[in-house]
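*Asks:* Build me a model from this:
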Amino acid sequence: MAGSPTARRRRLSIELKKLRESSALTCAQVGESLDWSGSKVNRMETGTGRVQPSDIDALCRFYDTSDELREFLKSLARQANTRGWWQVHGAGVPEWFNIYIGLEQDASTFRQYQCELIPGLMQIEPYIRELHATGAHMSAEDIDRAVRVRAERQTMLSQAEAPDAWFIVNETALRHIIGDRALMRSQLERVLESAELPTVTLQVLPFDSGTYPVTGSFTMLGFPAQEAPDLVYRDGITDAVYLEGEHHVREYTRAFDGLRAAALSPQRSALLIKSVLKEYAQ
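*Replies:* Numbering: from 1, shown residues only. Model (predicted):
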C-alpha cells in the first residue's frame with residue numbers, strides 16, 4: 001500500500017469512482033440512494049473532502065462489494081485522514097503544496113524540467129532561504145520551517161528505494177545568481193554531487209539548443225501501483241495544477257523526451273556546470 005496519506009486518499013478516490021462507474025450510476029443517483037447529496041459522492045471520488053470509514057461501509061454495502069474490499073477501503077479511509085510529516089510545519093508549507101509533497105513521497109519515477117531555478121531537491125539551505133525571503137512575506141520562523149521541509153524532501157534521492165529521477169535544467173538556472181557568487185559556487189557543487197547519486201540523471205539545456213518543445217517548468221510523477229496513474233504537476237505563486245488525464249500525460253511525456261533530445265548529455269552537462277562554477281570562483 002502506498003506510504004503517504006495523500007497517496008492513500010488518491011487510491012481511495014480512484015477505487016470509489018471505479019465502483020460507481022461499474023454500476024453505471026451517476027454521483028447524483030448514488031447520493032439519492034444513500035440519502036446524501038451528489039456533491040458529497042463527487043467529493044469522495046475527487047479526494048476533496050474527508051471520507052469516514054462509516055461512509056465507505058455504506059457505499060460498499062450499496063455496491064455489494066466483497067467483505068475484503070470493504071475492509072481494505074475502510075483502512076485506506078482511516079489512514080488517509082492521518083497527517084503527513086510535512087503538515088506539522090504549518091505556514092512553512094502552503095496548503096496547496098501539501099498535496100504535491102504527499103504524492104512525491106510515493107513516486108517511483110520523477111521527471112522534472114526547471115527553466116529558471118535549481119531543482120528544489122538539489123537546493124542548499126542559503127539558496128532556499130534567499131528564494132523564500134524574496135516576495136513571499138514569510139516570517140523568519142516560517143522560512144525555517146520551509147527549509148526543514150525541503151531538506152527532508154531531499155533525502156528521497158539518497159534512500160535505498162529512491163525514485164528513478166531525471167532532471168533537465170535550463171542553463172538560465174545555472175547563471176541566475178541567487179544571493180551572491182559564493183552562494184552559487186556552493187549551490188552548483190551540490191548540483192554536481194546530486195548528479196552522482198545512482199538513481200539521478202541530470203541534463204542541462206544550453207542557451208544554444210535552439211527551439212525546444214515547452215515553456216515553463218513542470219514535474220511528472222509516476223507510481224508503482226497500476227491503479228495510480230501518472231500525473232503532471234505545475235505550480236504558480238498561490239496555487240498548483242495537477243493534470244492526470246491520458247492526453248496530458250502523453251503530451252508532457254512527448255515534451256520531456258524532446259527536451260532530453262535537445263539537452264546536453266549528462267557527461268557534457270557536468271562539464272558545463274563545472275565551467276560555470278569556475279566563472280563564479282573568479
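*Asks:* what about the strand or helix carrying Glu15, distance to the chain center?
*Replies:* Element membership for Glu15 (DSSP states H and E) is helix 5-22. The chain centroid and the centroid of helix 5-22 are separated by 19 Å under Cα atoms, centre = their mean, to the nearest Å.
*Asks:* all strands of this protein, in order?
*Replies:* Assigned strands in the chain, in chain order: 109-114, 164-170, 200-205, 218-222, 231-235, 240-243 (criterion: DSSP state E).
*Asks:* pLDDT on the first one, on average?
*Replies:* For strand 109-114, mean pLDDT rounds to 96.
*Asks:* Give me the buried positions along that strand.
*Replies:* Phe110, Arg111, Gln112, Tyr113, Gln114 (16 or more other Cβ atoms under 10 Å). Using the backbone N, CA and C atoms, a C-beta is placed for each residue, glycine as well.
*Asks:* Might one say that the third one is in contact with Ile118?
*Replies:* Going back to what we said before, that points to Gln112. No. With contact defined as Cβ atoms under 8 Å, Gln112 and Ile118 do not form a contacting pair (11.1 Å).
*Asks:* Pipe the buried residues of strand 109-114 into JSON lines and attach distance to Ala228 per row.
*Replies:* As requested, those are exported to JSON lines (distance: Cβ to Cβ, whole Å):
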{"residue": "Phe110", "distance to Ala228": "14"}
{"residue": "Arg111", "distance to Ala228": "16"}
{"residue": "Gln112", "distance to Ala228": "19"}
{"residue": "Tyr113", "distance to Ala228": "22"}
{"residue": "Gln114", "distance to Ala228": "24"}
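*Asks:* Among the residues you listed, pick out the one closest to Gln154, please.
*Replies:* Closest approach to Gln154 among the buried residues of strand 109-114 (Cβ to Cβ): Phe110, at 12.2 Å.
*Asks:* tell me the contacts of the closest one?
*Replies:* Residues in contact with Phe110 (Cβ atoms under 8 Å, 6 or more residues apart in numbering) are Glu104, Pro163, Asp164, Ala165, Trp166, Thr219, Met220, Leu221, Gly222.
*Asks:* circling back to that earlier point, columns distance to Ser186 on top of the strands of the chain, output as a markdown table?
*Replies:* Output for these, formatted as a markdown table (distance: least, Cβ to Cβ, whole Å):
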| stretch | distance to Ser186 |
| --- | --- |
| strand 109-114 | 18 |
| strand 164-170 | 17 |
| strand 200-205 | 17 |
| strand 218-222 | 24 |
| strand 231-235 | 25 |
| strand 240-243 | 29 |
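*Asks:* quick one: which of these is nearest Ser275?
*Replies:* strand 200-205 (10.5 Å).
*Asks:* Low-confidence stretches in this structure?
*Replies:* Where the chain drops to pLDDT under 70, the residues are 1-7, 79-96, 98, 135-136, 226-227.
*Asks:* what separates the residue lying closest to Ala182 once chain neighbours are set aside from Val232, distance-wise?
*Replies:* Using Cβ to Cβ, 6 or more residues apart in numbering and skipping residues adjacent in sequence, the residue nearest Ala182 is Tyr280, 7.7 Å away. Here Tyr280 is placed at a distance of 33 Å from Val232 (Cβ to Cβ, to the nearest Å).
*Asks:* more neighbours, these two?
*Replies:* Ranked by neighbour count (other Cβ atoms under 10 Å), Tyr280 and Val232 place Val232 first, with 21 against 18.
*Asks:* Verify the stated contact: the more buried one with Glu246.
*Replies:* No. Using Cβ under 8 Å, Val232 is not in contact with Glu246, being 11.3 Å away.
*Asks:* Do a quick rundown of the helices in the stretch 151-282 of the chain.
*Replies:* Using DSSP state H, counting those that start in this stretch, the helices of the stretch 151-282 of the chain run over residues 171-175, 181-195, 246-262, 266-281.
*Asks:* Many thanks, have a good one.
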